[in-house]
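In: okay, predicted coordinates and the sequence, questions at the end:
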Amino acid sequence: KAECCITEVKHLQNQIRNLQGQLKSLQDIINKKHKVEDFINGSQTNEKLFAANGSAGDYKTSKATCSQAGGHLASPRTSSENGAIQRIIQRYNKAAYLDINDMQTEGIFKYQSVEVIGYANWAPGEPNDTGGEEDCVEMYTDGRWNDRSCGEERLIICEF
Ligand code: 289
Ligand code: CA
Ligand code: CA
């Protein structure tokens, strides 16, 4: 009986070693892919991968484009995510819409039209709702936000 158990334990130990090896290989592949994404057109935090392919559009088009790609229009919830999006904006030197708007109630900005924002990085004096028609939010190359009309042409950055 004892012999049987020793054999089983050894077998299990072998399996664990194999799994550890496979895990290490997978981690190496993921790390490499992260580097490639960063090198091409992506930028990431621990949680999210942000990406652009150079295409541009107004807010509605930007949202639809990201949704078709299986993601969402970028909506930063932390300064680290804000920085990751900013890096892409700087690479393309073109401002981008965020998935944040105050369409429902003037002055109350929400993520994806649903949840009141818990993080913001407004530029000085913003949001100012210029002309009473700025319900979308763009990020400048310095990472600051400006409320802006939704019909401008902006770099499309999606999050996955
Ligand atoms: O149409 C007004 C916009 O172009 C922007 O003009 C200035 O940069 C600031 O007043 C912004 O708040 C405004 O969104
Ligand atoms: Ca507004
Ligand atoms: Ca504004």
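Out: Received the coordinates, thanks. Ligands and ions are numbered 1, 2, ... in the order given.

In: residues touching whichever residue of the chain sits closest to ligand 1, list them.
Out: Across the chain, the shortest distance to ligand 1 (C-beta to the nearest ligand atom) belongs to Thr130, at 4.2 Å. Placement of C-beta: from N, CA and C, glycine included. Counting by C-beta atoms under 8 Å, 6 or more residues apart in numbering, Thr130 touches Asp147.

In: tell me the pLDDT of it.
Out: We have a pLDDT of 98 for Thr130.

In: what does the one 3 residues further on give?
Out: Taken from the predicted model, the pLDDT recorded for Glu133 is 98.

In: surely it meets Ser149?
Out: Yes: with contact defined as C-beta atoms under 8 Å, Glu133 counts as touching Ser149 (5.2 Å).

In: that older thread, and the gap between the residue of the chain closest to ligand 1 and ligand 2?
Out: 9 Å (C-beta to the ion, to the nearest Å).

In: the helix or strand of the chain with the lowest mean pLDDT pairs with which strands, parallel or anti?
Out: Ranked by mean pLDDT, DSSP states H and E, the weakest helix or strand in the chain is strand 42-44, scoring a mean of 76. Sheet pairing here is set by DSSP bridges, and for strand 42-44 it gives strand 49-51 (antiparallel).

In: for this protein, which segments count as helices?
Out: Assigned helices in the chain, in chain order: 2-40, 59-68, 79-92 (criterion: DSSP state H).

In: contact residues of the protein facing ligand 3?
Out: For the chain, the residues found near ligand 3 under the criterion C-beta under 5 Å from the ion are Asn128, Thr130, Glu134, Asn146, Asp147.

In: briefly note if the top strand by length along the chain comes near ligand 1.
Out: As assigned by DSSP state E, the longest strand anywhere in the chain is strand 96-101. No: judged by C-beta under 6 Å from any ligand atom, strand 96-101 makes no contact with ligand 1; its nearest approach is 12.6 Å.

In: lovely, talk soon.
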